[in-house]
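> please find the sequence and the predicted model below.
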Amino acid sequence: IDQDKQPVCIGQEDYSHLISPSISLNEWTEKNGISLCMVVSDEGEKLARLLEKVWAFVDEIIIVDTGSNDNTKEIAESFGAKVFDLQWKDNFSAPRNFARQMAAGEWILHLDPDEDIDINDLVFIQELMEQPEDGFMFHVLNYHPEGEPTLSNSIRLFRNKPEFNYTGLVHEGFDPAVRENKLNIAWAPFPIHHHGYLKSEGYVKAKFKLYEKLNKRQIHQNPKDPRAYFNLALHYMSDGKPREGAQRLQQAANLRADYYEPRKHLGLVYLQEAGFWFESALSTLQKGHYDYASTKSILEQLHSLIGA
């Protein structure tokens with residue numbers, strides 16, 4: 001019996017008088033579970049480093065192996081991952097969709113073995129999953145042996161819905177699904193770091209050759225899909241073929257009026273070309289020429305725009 005001297009606190013046999021009769025108790029269930037989904041092949045060392053960092057932040061790990069000959073699968077299993085074998089068929093979308101179908105979590109986090117998220121950013125994953133959005137777009141910082149990282153964008157955290165179906169043989173994504181199903185996508189407040197281009201020169205060249213082949217095949221299969229033209233343009237630009245790249249960018253822009261990315265890149269291509277011609281013009285002018293100052297001023301503005 002409660003011996004408290006204050007009448008309001010005395011509950012005699014229990015404290016039922018302090019509990020509202022309108023409260024009901026429901027069985028607790030896990031909400032917002034997250035499945036890390038990965039497609040791998042001969043990535044044992046990189047996979048181990050990534051899983052050591054992220055395994056504590058996810059509820060399930062789904063690994064789809066497309067033909068490893070090293071210890072990739074054994075490493076994945078050592079972290080409690082569910083490992084599935086899937087034959088590689090020159091289609092990056094197929095294993096990604098298979099991974100999502102095998103996942104039980106309400107949310108999917110898709111990462112590649114050569115990618116990384118800072119440990120200080122991983123702690124915010126749960127906060128993102130508590131938002132009303134269907135998915136989150138990440139900036140992906142692509143690191144290269146020389147120069148500054150290049151930037152790409154990719155939806156990597158999303159609800160486990162069938163509407164999130166990858167399409168495209170290469171550089172797969174959700175672009176048609178997001179537009180057709182009016183999925184609500186927000187920007188993630190932190191980036192993903194991609195280190196794949198830091199591999200050997202031979203590996204990177206072979207990868208680009210595969211990407212080029214699959215993009216051309218995708219154009220052949222679906223000539224009205226602007227994404228393949230855009231992705232092929234980026235490969236041409238990286239390979240030092242700006243004219244071929246600009247041609248593909250123009251084709252991508254013409255195929256879809258609301259596709260901003262090829263238009264943005266075309267603008268950068270033309271700015272760089274303009275910079276070349278203004279440099280050439282300035283080199284022919286004497287400092288005392290009446291047009292020297294204005295030409296130099298325009299060139300400086302172009303340099304500030306393109307970061308030259």
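Structure received. Numbers count the residues shown, from 1 in each chain.

> tell me where the stretch 51-200 of the chain has strands.
Taking DSSP state E, counting those that start in this stretch as the test, the strands found in the stretch 51-200 of the chain are 60-65, 82-85, 107-110, 115-116, 135-142, 150-159, 185-187, 192-194.

> and residue 247, which of the ones you listed is closest to it?
When those are compared by C-beta to C-beta, strand 150-159 sits nearest residue 247, at 20.7 Å. The way it works is simple: take the backbone N, C-alpha and C, and place the C-beta from them, glycine included.

> which of the residues in the closest one are buried?
Across strand 150-159, burial judged by 16 or more other C-beta atoms under 10 Å covers 154, 155, 156, 157, 158, 159.

> TSV please, covering the residues you listed and showing pLDDT and distance to residue 147.
Shown next, in TSV, are these (pLDDT from 0 to 100; distance: C-beta to C-beta, whole Å):
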residue	pLDDT	distance to residue 147
154	95	21
155	97	26
156	97	24
157	98	28
158	98	31
159	97	36
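
> wait, which of these is closest to residue 252?
residue 154 (17.6 Å).

> ok, now which ones touch that closest one?
Applying C-beta atoms under 8 Å, 6 or more residues apart in numbering to residue 154 gives the contacts 137, 138, 140, 173, 192.

> which residues does the first one bridge with?
Beta-bridge partners of residue 137, counted by DSSP bridges, are residue 155, residue 187.

> surely it touches residue 187?
Yes. The criterion here is C-beta atoms under 8 Å, and residue 137 meets it with residue 187 at 5.4 Å.

> neighbour count winner among the two?
Remark: of residue 137 and residue 187, residue 137 carries more neighbours, 18 against 11, as counted by other C-beta atoms under 10 Å.

> list the contacts for that one?
Residue 137 neighbours (C-beta under 8 Å, 6+ apart): 153, 154, 155, 185, 186, 187, 188.

> redo that, cut-off 7 Å
By C-beta atoms under 7 Å, 6 or more residues apart in numbering, the contact set of residue 137 is 153, 154, 155, 185, 187, 188.

> so for it, what's the pLDDT?
Note for residue 137: predicted pLDDT of 97.

> next one: it from residue 129, what distance?
15 Å (C-beta to C-beta, to the nearest Å).

> cool, and residue 54?
14 Å.

> before we move on, back to that, from the contacts of residue 154, which is closest to residue 295?
For the contacts of residue 154, the residue nearest residue 295 by C-beta to C-beta is residue 140; the value is 38.0 Å.

> what about the closest one, how many neighbours?
For residue 140, using other C-beta under 10 Å, the count is 18.

> before we move on, what about the one 4 residues further on?
Other residues within reach of residue 144, judged by other C-beta under 10 Å, total 14.

> that'll do, ta.
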